[in-house]
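> Quick one: sequence and predicted model below, then my questions.
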Amino acid sequence: MPDAASVDWEQLDMIADGFTPDFVEIYREFEIDLPRILREASAALAAGDLGKLARSAHQAKGSAANFGFAGFSGVMARIETQAKTGAATGLGAELQTAERLFVESLAQVKSERGI
């Protein structure tokens, strides 16, 4: 998986359906909700609750994939898998990578699609 932020523009444009006001409202909720999920994932890791971390990663992965945040979704898939197997080594760094990719993907969408 490349380390650069990657947006699946075809997926984003398909779900956006012309970037209607309804879509923009849902996208704004996604922008607000994903950082909360990432905070929950970080807290779960700090508490050693890999089950909760896996659930948070799964939720973030799916939401991000729907909006075409492919790079971010891929990292969250790795986090989910690793947490499910009980291997916590490196998960802090993976979460930092995910956070960076999320921010970079948001910036790409804003630059390319104006939202």
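Done, it's in.
> can we go C-alpha only for contacts and neighbour counts from here?
Will do.
> so what's Pro21 up against?
Applying Cα atoms under 8 Å, 6 or more residues apart in numbering, we find Pro21 in contact with no residue.
> I'd like the next helix or strand past the lengthiest helix in the chain.
Using DSSP state H to assign secondary structure, the helix with the most residues in the chain is helix 21-47. Using DSSP states H and E, the next helix or strand after helix 21-47 towards the C-terminus is helix 50-66.
> contacting residues around that following helix?
Outside helix 50-66, the residues touching it (Cα under 8 Å, 6+ apart) are 11-12, 15, 30, 34, 37-38, 40-42, 44-45, 70, 72-74, 76-77, 79-81, 83-84, 86, 88.
> Just the buried positions in that helix, please.
Neighbour-count burial for helix 50-66, counted by 16 or more other Cα atoms under 10 Å, picks out 50-65.
> what's the host helix or strand of Glu112 packed up against?
Glu112 is part of helix 91-113, with elements assigned from DSSP H and E. When contacts are defined as 3 or more Cα pairs under 8 Å, 6 or more residues apart in numbering; DSSP states H and E, helix 91-113 sits against helix 21-47, helix 70-84.
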